[in-house]
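S.K.: What follows is a predicted protein model with its sequence.
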Amino acid sequence: MSIKVAGLTKVYGAQLAVDHISFELKNGEIVGFLGPNGAGKSTTMKMITGYLPPTDGSAIVSGYDVQQQPMEVRKRVGYLPEANPLYYDMYVREYLEFTAGIHRIEKPRVRIEEMIGLTGLGKEAHKKIGALSKGYKQRVGLAQAMLHNPEVLILDEPTSGLDPNQIVEIRELITNFGREKTVLLSTHIMQEVQAMCSRVIIISSGKIVADDSIDRLQHTNNRQQALLVAFESSVDKARLKSLKQVQRVEDLGDRSFRLHTGKAEELRKDLMKWALAQDISIRSMQTESQSLEDIFRQLTKSA
């Protein structure tokens with residue numbers, strides 16, 4: 001396992017920020033770490049990277065205990081914190097040279113130019129970091145996190161401040177990195193999670209409330225589904241209500257309806273049989289499931 005967290009806990013005074021959470025991440029996984037503000041995401045990431053000591057529990061990264069072998073862990077982890085602390089008086093290349101020196105990278109200039117190219121910093125590399133836009137500062141943060149080719153990449157809101165074109169570029173960079181390494185990614189942008197992640201961990205009030213693949217999470221939580229159906233001719237709403245699996249019917253106009261149900265596949269079959277028996281032609285029919293955003297809100301609404 002690239003990351004193994006067991007009973008990880010953090011207490012600030014009387015506040016229980018992270019409450020005995022456990023999970024494992026394998027090599028080659030890009031995992032979305034989701035939760036509302038104040039849920040404990042950033043605190044968990046800081047404990048995994050060794051920047052914050054846990055109150056209880058353990059974190060193992062690439063086989064090394066974060067508390068017992070912190071320097072070994074830091075050699076193998078690339079970390080972009082939410083605040084993205086940078087030295088604003090340093091030039092981009094100067095800062096990356098400084099970072100390369102810390103990690104004792106062989107042939108640092110070659111690697112620096114490679115990362116400047118990968119993160120799209122070429123046009124801004126001659127500037128001081130303080131003169132860059134927020135989006136380019138974020139790129140510098142990503143470049144330093146990936147500069148030493150770490151085994152594990154931990155990113156807290158990595159696309160914050162980027163425009164749509166930049167977001168696509170950074171997504172591709174993270175996705176390519178995650179094919180061979182491990183990425184733990186915190187974000188509030190659900191489209192970003194669906195585009196990059198194979199699995200999500202959702203945390204609320206310091207506790208894990210979900211840990212599964214996106215597909216299984218949607219399947220498990222989609223107890224309330226809807227079937228969107230359109231007919232070639234007029235259909236009485238009351239006749240649709242009489243179908244066994246229909247819980248509620250919405251008339252959408254133009255002979256189209258939204259049929260709310262807990263069993264969309266069964267309703268689909270029943271509706272096909274009913275329409276055939278009634279000699280009614282169906283123009284279109286599709287299942288409308290809850291989005292990842294809907295599921296996130298459902299699981300974290302108590303917070």
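M.R.: Okay, I see it. Predicted model only: the values in this text are computed from it and were never measured.

S.K.: for the stretch 101-250 of the chain, which spans come out with low pLDDT?
M.R.: 219-224 (pLDDT under 70).

S.K.: how about a cut-off of 90?
M.R.: Filtered on pLDDT under 90, the stretch 101-250 of the chain yields the residue ranges 106, 118-120, 133-135, 157-181, 187-196, 198, 212-228, 232-250.

S.K.: quick one, strands of it?
M.R.: All strands of the stretch 101-250 of the chain, identified by DSSP state E, counting those that start in this stretch, fall at 152-156, 182-186, 199-204, 207-213, 225-231, 248-253.

S.K.: Partner strands of the third one and their direction?
M.R.: It refers to strand 199-204. strand 30-34 (parallel), strand 207-213 (antiparallel) (DSSP bridges).

S.K.: what's the last one in contact with?
M.R.: This points to strand 207-213. Strand 207-213 is contacted from outside by 19-23, 198-203, 217, 220, 295, 299-300, using C-beta atoms under 8 Å, 6 or more residues apart in numbering. All C-beta atoms are positioned from the backbone trio N, CA, C, and that covers glycine.

S.K.: what's the neighbour count on the nearest residue to Ser22 once chain neighbours are set aside?
M.R.: Counting by C-beta to C-beta, 6 or more residues apart in numbering, the nearest residue to Ser22 once its immediate chain neighbours are dropped is Ala6, at 5.0 Å. By the measure other C-beta atoms under 10 Å, the count of residues near Ala6 is 13.

S.K.: With the one 4 residues further on instead?
M.R.: Using other C-beta under 10 Å, Lys10 has 22 neighbouring residues.

S.K.: ok so, going back, are we agreed that the residue nearest to Ser22 is in a strand?
M.R.: Yes: the assignment for Ala6 is a strand, going by DSSP: H, G, I helix; E, B strand; the rest coil.

S.K.: For it, give the beta-bridge partners.
M.R.: Bridge pairing for Ala6 - DSSP bridges - gives Ser58.

S.K.: pLDDT value on it, please?
M.R.: For Ala6, the model assigns a pLDDT of 95.

S.K.: What distance do you get for it to Gln278?
M.R.: Using C-beta to C-beta, to the nearest Å, Ala6 is found at 59 Å from Gln278.

S.K.: All the helices of the stretch 1-150 of the chain, residue numbers only.
M.R.: Secondary structure of the stretch 1-150 of the chain (DSSP state H, counting those that start in this stretch): helices located at 41-49, 70-76, 92-103, 108-118, 134-146.
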